[in-house]
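Engineer: predicted model and sequence below, questions to follow.
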Amino acid sequence: MALIKTIRKVGNGTALPLDKSLLDLMGLHVGDQMMVVVDGPRLILTPVRAGIGKRRADKIMKEIRAEYGGALTELAK
C-alpha cells in the first residue's frame, strides 16, 4: 500500500497525520510508541510492542478490581 501524505505545521513542530483507516490496518492507537529509523531518503516507522501496553494493562486492572476489589480492600486494612 502506498499513500502520499503532507507534512503539516503543528504548534512549533510538524506532524505527518495518519488516517484512522491506516491506524486500524496497522493495529495502532493514539499514544502508541513508534521506533523511527532513517535509512537514506527513507523514514521507517515500526510500532514498539514491548510489554502488554497501557490499554491492555488498564483493562486487566479493571477486571481485577471488579473481581477482587472487596478482598483487596480488606487485605489493605
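Structural biologist: That came in fine, so what should we check first?

Engineer: three-state assignment of Glu63?
Structural biologist: Assigned with DSSP: H, G, I helix; E, B strand; the rest coil, Glu63 falls in the helix class.

Engineer: quick one: contacts for it?
Structural biologist: If you count contacts by CB atoms under 8 Å, 6 or more residues apart in numbering, Glu63 has none. Every C-beta, even on glycine, is put in place using the N, C-alpha and C of the backbone.

Engineer: that one and Val37: what is the separation?
Structural biologist: Noted for Glu63: a distance of 36 Å to Val37, by CB to CB, to the nearest Å.

Engineer: now Arg8. Nearest residue, chain neighbours left out?
Structural biologist: Counting by CB to CB, 6 or more residues apart in numbering, Arg8 lies nearest to Ala15, which is 5.6 Å off, once chain neighbours are set aside.

Engineer: I'd assumed Lys5 was in contact with the one you found.
Structural biologist: No: using CB atoms under 8 Å, Ala15 makes no contact with Lys5, being 10.0 Å away.

Engineer: all helices for the protein, in order.
Structural biologist: Counting by DSSP state H, the chain has these helices, from start to end: 20-26, 54-75.

Engineer: just the CA trace of the first one, in PDB.
Structural biologist: This file holds the C-alpha atoms of helix 20-26, laid out as PDB (Å, rounded to 0.1, in the frame of the first residue of the first chain):
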ATOM      1  CA  LYS A  20      -7.900   6.200  11.200                       C
ATOM      2  CA  SER A  21      -8.100   3.600   8.500                       C
ATOM      3  CA  LEU A  22      -4.300   3.400   8.300                       C
ATOM      4  CA  LEU A  23      -4.000   3.100  12.100                       C
ATOM      5  CA  ASP A  24      -6.700   0.400  12.200                       C
ATOM      6  CA  LEU A  25      -4.900  -1.500   9.400                       C
ATOM      7  CA  MET A  26      -1.700  -1.500  11.400                       C
END
